[in-house]
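> Model the following, please.
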Amino acid sequence: MCSSPVISIVVPTLNEEDYLEEALTSLRNQFTPKDYELIVSDGYSTDRTVEIAKKYADKVVFEKKRTISAGRQAGAKVAEGKVIVSAGADVYVDSHWLDTLTRPILDKTHAATLGPVLPKDGNHLENIFSHGLLKPLGSALSRLDAHFVAADNMAIDAEVFHKTGGFNPDLVTGEDTDLIRRVKNHGRVIYLPDAHSYVSMRRVREWGYWKYLSFHTTNFFKYHIKGEAHKEYEPVR
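Next up, the predicted model:
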C-alpha cells in the first residue's frame, strides 16, 4: 500500500466478479512517476467481487446505498490523493492512461479532466462509430463547454472535489455531469482525446443500440436543459 499517494483511483462495484479482475489489473499496471492508491467501493456484493478487490486494492470500503453515485462518493471520502480519479469496474486502460489523465491537474492548469470511453469488446462497426464519431463529438462538445461526461474516465483536483461536495449520492444517473457542472465554477475542465478508457459493451448487448443511444442522449439534454436526470438505471451484469 502506498503511504503518501498523490493520486487516488476510485472504482465502485456491485457483483462485478466477471469483469473486475481485468479492470484492477490494468489500473494497477500504470507507468506514472506519481504514487497512487486504488480504492474499491462496494455495495455489499454477494459474489466474489470483494475477494477479488482485496487482492488488488489498497482500500476496500462498503456503501449500503447501492447507487453508483453513492459508491463513488464513499470511495472518494477515504481518498488521500491530491487528485481523485473515477474509473469503472469493467474498464481496461493502457499503462500511460493515468499519467495522461492526471497531468493537467497536477500541473495546476485544470481542475478536472475527461477522457473518451470506447468499446473494449466492440465489433468493427461499433469501433468505427466510437472512434470516428463519438470521440470527435466529445472534443467538439468540450469546445462548446457542453461536456459529454463519463465517470468511468475522469479526474478531479481533490480540493475542488471536496469544495463542490463531490458526487450527489441521491442521483441514480447523471452524477458525473452534475459534478463537472459544479467543478467548472472552480476551474477549467479539459477533454483529453488520448486518455482512452475501454469498457464492456454488455449494456449495449442487453439493451440494443436504439435504447442505449436514446437513453444517454435524452439524459444528456434533459440534464443540460432542465437540470434533471433519469431516475432509473437497470443493472446489467
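> pLDDT weak spots in this protein?
1-3, 131, 133, 138-139, 141-147 (pLDDT under 70).
> Which elements pack onto the longest helix along it?
What stands out as the longest helix in the chain, according to DSSP state H, is helix 209-226. Contact here means 3 or more CB pairs under 8 Å, 6 or more residues apart in numbering; DSSP states H and E; on that basis helix 209-226 packs against helix 175-183, helix 202-207. C-beta: built from backbone N, CA, C; applies to glycine.
> Need the nearest residue in space to Lys64, chain neighbours excluded.
Nearest non-adjacent residue to Lys64, counting by CB to CB, 6 or more residues apart in numbering: Tyr44, 6.9 Å away.
> coming back round to it: quick one: the longest helix of the chain to helix 175-183, angle?
30 degrees (axes from the mean of the first three to the mean of the last three CA atoms, to 10 degrees).
> Can you give me the distance of the most centrally placed residue in the chain to His124?
Residue closest to the mean C-alpha point of the chain, counted by CA atoms, centre = their mean, is Asp152 at 2.1 Å. Look at Asp152 and His124: by CB to CB, to the nearest Å, they are 23 Å apart.
> Spit out the contact partners of Val78.
39, 59, 61 (CB atoms under 8 Å, 6 or more residues apart in numbering).
> among those, who's most crowded?
Counting neighbours by other CB atoms under 10 Å, Ile39 comes out on top of the contacts of Val78 with 27 neighbours.
> Would you agree that residue is in contact with Ala57?
Yes - between Ile39 and Ala57 there is a contact under CB atoms under 8 Å: 6.2 Å.
> thinking again about what came up before, from the contacts of Val78, which land in strands?
39, 59, 61 (DSSP state E).
> returning to that earlier point: quick one: contacts for the residue nearest to Lys64?
Contact analysis of Tyr44 by CB under 8 Å, 6+ apart lists 14, 62-64, 66.
> what's the most distant pair in those residues?
Leu14 and Lys64 (11.5 Å; CB to CB).
> So what sits opposite Val117 in the bridge?
Per DSSP bridges, residues listed as beta-bridge partners of Val117: Ser197.
> Use 19 as the first number for this chain going forward.
Understood, numbering begins at 19; the last thing we discussed is Val135.
> In contact with the residue nearest to the centre of the chain, which residues are there?
Per CB under 8 Å, 6+ apart, neighbours of Asp170: 104-106, 109, 135, 215, 217.
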